[in-house]
Structures are given as structure tokens and as C-alpha cells.
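Trainee: output the structure for:
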Amino acid sequence: MACVPLIASTVLPGGAVAAGSLLSAAGLSGLAGAPLGGYLCDRCGARFTAVASGCAAGTGLMLVPLVLALPSNEAIEAAVGPAPNGFAFGALVLLWSIAVAAQGPALTAVGQELAPPGAEATALALPRAIGDAAYIGAPLLLGLVADSTAQMGVECAVAGAASLAGALALACLGTWSPTSLED
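Mentor: Have a look, this model is predicted:
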């Protein structure tokens, strides 16, 4: 969320107002994503939902610099408006936001599944603590990435790659449990 407003104010027509509107839309999209995540958990399983939503979120963010680097096309601008790259960026941000919101209930359910008896609260607090730690360290790291490159949106791709790596790690986790390390 640290880099989205900066990019949005640059690529969307309307500057800061458009950036604020995109952030509000991203917040509202979470109202759809969380129930979707709960529904998918009930129908397809928590791990599947966590992995699928993590892959969708990561892929969406990884596409940001590619969309922003697309050359301007007069025919597309005539059909869509003055900032087709900006609108594609906005769509990717909304995809990311919905996917992250859908991942919330899935990660809670995975935590419940993996929690050893008697440590359920600790197991459910761990994903929250990790998320809070990411909000402390990630903006600094992504700011360094953004400052080190001229290509706009690379920091989104780095965040997307981290999300995708986490989703794939969860997919590969298999039936791991804390007691399997003892075997």
C-alpha cells in the first residue's frame, strides 16, 4: 500500500484525487474479497484458497511494471481514455486487494487446522504478528527498491514475488505439522 498511491497519482488522470479513489475502491473491494475467501474455504479448502488467492495477489502485483511500461497507443486511448496504462494499473490493484482480502479467512482456517491442541490462540496470533512485521519492514525495503530503479512499479513486482513465493511455500508445505519434525 505504500507504493500504490505514489504510482496512482502519476499514472491516473486526476492525480491525488484519483489515487485516493483507487485506495477507497481497494478498501471496498475487500468487502467482497473476505466473503469470497470464506466461501472458497468452505467449498475448496483453506489451503487451496490461501494458495490460490496468494498466487492471484502476487501475479497481479508482478504485472504492474509490465503494464506501466506498455507503450501508448492512440487507438486504445481513443477507446478507453487518456490513461489506459493507469486504468490497467487500477484493475491490477483491485485484483490484488480482492485476493488479499480472500486470503485472510483462508490463512485463519489454515492456522486452525495446523494448531496443536492447547495452542490454538498462539497459532492464530502468529499470522497476524507476521503480517504486522511485514508492514514494518516491507515499506522500507520496497522504498529502497523503488529508489534504486528508474522503472516505475518494480517495487510492486518485488512485493508480488514475495507473495507468490509465500503461496508456493504453503502449497509445498504438504501435511507438515510441528510433530512431524520429531519423526
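Trainee: spatially central residue in the chain, please.
Mentor: residue 57 (3.9 Å; CA atoms, centre = their mean).
Trainee: give the full set of residues in contact with that residue.
Mentor: Residues near residue 57 by CB atoms under 8 Å, 6 or more residues apart in numbering: 95, 96, 99, 100, 103, 160, 163, 167. For the C-beta atoms, the positions are set from N, CA and C on the backbone; glycine is no exception.
Trainee: that one: which element?
Mentor: Element membership of residue 57, judged by DSSP states H and E, is helix 46-62.
Trainee: can you point out the buried residues in that helix?
Mentor: Within helix 46-62, the residues scored as buried using 16 or more other CB atoms under 10 Å are 46-47, 49-62.
Trainee: for the residues you listed, which one is nearest residue 39?
Mentor: Nearest to residue 39 among the buried residues of helix 46-62, counting by CB to CB, is residue 49 at 8.9 Å.
Trainee: any idea how far residue 133 is from the closest one?
Mentor: 23 Å (CB to CB, to the nearest Å).
Trainee: what do you get for residue 36?
Mentor: Applying CB to CB, the value for residue 36 to residue 133 is 26 Å.
Trainee: how about the helices in the chain?
Mentor: In the chain, the segments counted as helices under DSSP state H are 4-11, 15-44, 46-62, 64-68, 74-80, 84-114, 120-147, 154-172.
Trainee: for the longest one, packing partners?
Mentor: Contact analysis of helix 84-114 by 3 or more CB pairs under 8 Å, 6 or more residues apart in numbering; DSSP states H and E lists helix 4-11, helix 15-44, helix 46-62, helix 64-68, helix 74-80, helix 120-147 as its packing neighbours.
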